[in-house]
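Participant: Could you look at this predicted model? Sequence included:
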Amino acid sequence: MDRTPYIIETSSASDASALMAEIGVAAEGIDIMAPAVPGQLARVDGLEPHEAVILKQEALALGGDAALPTDAYHLQGESCNALVMATDAQLTGLGERLALHGGVLADLGSELLEAVENRRRLDGDTGLPRALGDGPWLVMGILNVTPDSFYDGGRHAATDAALEHAMAMADAGAGIIDVGGESTRPGAGAVSERQELDRVLPVIEGLVSRLDRPISIDTSKAGVARRALAAGATMVNDVTGLGGDGEMAAVVAEHGCPVCIMHMQGSPRDMQDDPRYDDVVGELVDFFHRRIEWAAAQGIARENIIIDPGIGFGKTLEHNLILLRRLDAFRSLGQPLLVGASRKSFIGMVTGDMSADRLAGTIAANVQAYGKGARIFRVHDVAANLQALRVAAAAMDGDGDGNSGAAAAKGAGGGAG
């Protein structure tokens, strides 16, 4: 295997057909197998042909199957990908049977068992770090104290304006406020640590005495995170996925705080120049698997790790739409999923309207993300997104009051201290 296996939900035979076509399954095979897919597929990449055939045989023995490229059946080619057609119970049995083969197949069996267990665990509890409250999902209000952020740059750069906006978002039901002092829009330039601290610290210090809910510091600098956490921030939101500053993981581990690891191809300066992926979902699943393991080895508790696929960060329109369509693949990793699609340019590319009026598109993206397993939604417009997500949660899961900020806003004067 050359990538982490993951489970994908399928909504129809045509959905399964498209996934099978991606890995080179013959058309006649797709016609036979796609209608029989049991609502989900497990994708496995980088198997030797003989390993893929054994995988299929073991799946068949349990009442499942595996879709393979034509060459694999003839034991030709250096490596291939497979889609396992199996229920959770069948995947569990498959994992146990593969363990008996040893080597790569035993490793695959262990990872399939882990994926099934991770998804089951996320279904069984909120999955959110305890420091973020006890609700099963959250709306995160964006507070950019910068002059050049892509949507609201300059509006809240003054401390008083920032505090006023943060309180308004809290009153609207935000479960957490994300404070950032450095723009990460495409092409944005870097700012110094001192400049970033001058922007965010007065705001965090002002919010701590006024808010009864968590504050996140949006930074990739360990020095900024350390000072922000000391001032009362609860969480670190790092767009570099703990890769931008060698001391960041140690700061997070020392404070025992939640951290969001985001994926970004390149840097804000060049991320949109020419982003390319062979398989954007598979590559991001593998990236997060490696970063989660690395973070845990640095002393960060797994229950404090949140992942964010980085919509708009080193992705084309097609990449962003594929990620929104396949977000459920990340549930195989067992960590809560944050999505930040708010008012981003891909929405205008879809609609043909490149103005800043992208609220409706943002709501659509977040409802889609909720249905695929996202549980933290980073937004500019708290009230509208919260209303839509409460309806979506009530319709899909019977839990329209999941956002703890919404619960706070409905009582105790909107939750402002």
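Facilitator: Okay, I see it.
Participant: Please give the number of neighbouring residues around residue 256.
Facilitator: Neighbour count of residue 256, defined by other C-beta atoms under 10 Å: 13. C-beta coordinates here come from the backbone N, C-alpha and C atoms, glycine included.
Participant: quick one, what contacts it?
Facilitator: Taking C-beta atoms under 8 Å, 6 or more residues apart in numbering, we find residue 256 in contact with 301, 304.
Participant: One more: residue 224?
Facilitator: With contact taken as C-beta under 8 Å, 6+ apart, residue 224 is in contact with 181, 193, 196, 197, 200, 217.
Participant: try 6 Å
Facilitator: Contacts for residue 224 (C-beta atoms under 6 Å, 6 or more residues apart in numbering) come out as 193, 196, 197.
Participant: can you give me the helices in the stretch 1-150 of the chain?
Facilitator: 13-22, 27-33, 49-61, 70-73, 88-99, 103-124 (DSSP state H, counting those that start in this stretch).
Participant: Give me the buried positions along the last one.
Facilitator: For helix 103-124, burial by neighbour count (16 or more other C-beta atoms under 10 Å) applies to 105, 108, 109, 111, 112, 113, 114, 115, 116, 118, 119, 122.
Participant: and which of these is nearest to residue 82?
Facilitator: Within the set of the buried residues of helix 103-124, residue 108 lies nearest residue 82; the separation is 9.7 Å, counting by C-beta to C-beta.
Participant: State the number of residues packed around residue 12.
Facilitator: Under the neighbour criterion other C-beta under 10 Å, residue 12 is assigned a count of 12.
Participant: I'd like to know how far the most centrally placed residue in the chain sits from residue 259.
Facilitator: With the centre of the chain defined as its mean C-alpha position, the nearest residue by C-alpha atoms, centre = their mean is residue 308, 3.3 Å away. The spacing between residue 308 and residue 259, counted by C-beta to C-beta, to the nearest Å, is 11 Å.
Participant: Just give me the neighbour total for residue 46.
Facilitator: By other C-beta under 10 Å, the residues close to residue 46 number 18.
Participant: With adjacent residues omitted, what lies nearest to it?
Facilitator: Beyond its immediate neighbours in the sequence, the residue positioned closest to residue 46 (C-beta to C-beta, 6 or more residues apart in numbering) is residue 2, lying 3.2 Å away.
Participant: Quick check, the one you found in contact with residue 48.
Facilitator: No. Contact status for residue 2 versus residue 48: not in contact, 10.9 Å apart, counting by C-beta atoms under 6 Å.
Participant: Of those two, which one has the most company?
Facilitator: Shown here are residue 2 and residue 48; by other C-beta under 10 Å, residue 48 has more neighbours (17 against 10).
Participant: Just give the number of residues close to the residue nearest to the more buried one when sequence neighbours are not counted.
Facilitator: Leaving out its chain neighbours, the residue that sits closest to residue 48 by C-beta to C-beta, 6+ apart is residue 79, at 6.1 Å. Residues near residue 79, counting by other C-beta under 10 Å, number 14.
Participant: I'd say residue 79 and residue 49 touch.
Facilitator: No. Taking contact to mean C-beta under 6 Å, the distance of 7.8 Å between residue 79 and residue 49 leaves them out of contact.
Participant: that older thread, quick check, nearest of the contacts of residue 224 to residue 27?
Facilitator: Nearest to residue 27 out of these is residue 196 (C-beta to C-beta; 54.6 Å).
Participant: Would you list the phi and psi of the residue nearest to the centre of the chain?
Facilitator: Residue 308 has phi and psi values of phi -140, psi 120 when expressed as degrees, to the nearest 10.
Participant: In contact with it, which residues are there?
Facilitator: Remark: with contacts taken as C-beta under 6 Å, 6+ apart, residue 308 is in contact with 260, 262, 338.
Participant: go on, residue 283?
Facilitator: When contacts are counted by C-beta under 6 Å, 6+ apart, residue 283 is found next to residue 277.
Participant: relative orientation of the helix or strand containing it and helix 13-22 in degrees?
Facilitator: Assigned by DSSP states H and E, residue 283 belongs to helix 280-297. Angle between the axes of helix 280-297 and helix 13-22 is 80 degrees (criterion: axes from the mean of the first three to the mean of the last three C-alpha atoms, to 10 degrees).
Participant: mind exporting helix 280-297 as CSV, just the C-alpha atoms?
Facilitator: Once non-C-alpha atoms are left out, helix 280-297 reads as follows in CSV (Å, rounded to 0.1, in the frame of the first residue of the first chain):
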residue,chain,number,x,y,z
VAL,A,280,-7.0,14.8,-3.9
VAL,A,281,-9.1,12.8,-1.4
GLY,A,282,-6.6,10.0,-1.1
GLU,A,283,-3.6,12.4,-0.8
LEU,A,284,-5.3,14.4,1.9
VAL,A,285,-6.4,11.3,3.9
ASP,A,286,-2.8,10.1,3.8
PHE,A,287,-1.5,13.6,4.8
PHE,A,288,-3.8,13.8,7.8
HIS,A,289,-3.0,10.2,8.8
ARG,A,290,0.7,11.1,8.9
ARG,A,291,0.2,14.4,10.7
ILE,A,292,-2.1,12.9,13.3
GLU,A,293,0.5,10.2,14.1
TRP,A,294,3.3,12.8,14.2
ALA,A,295,1.3,15.2,16.4
ALA,A,296,0.5,12.3,18.8
ALA,A,297,4.2,11.4,19.0
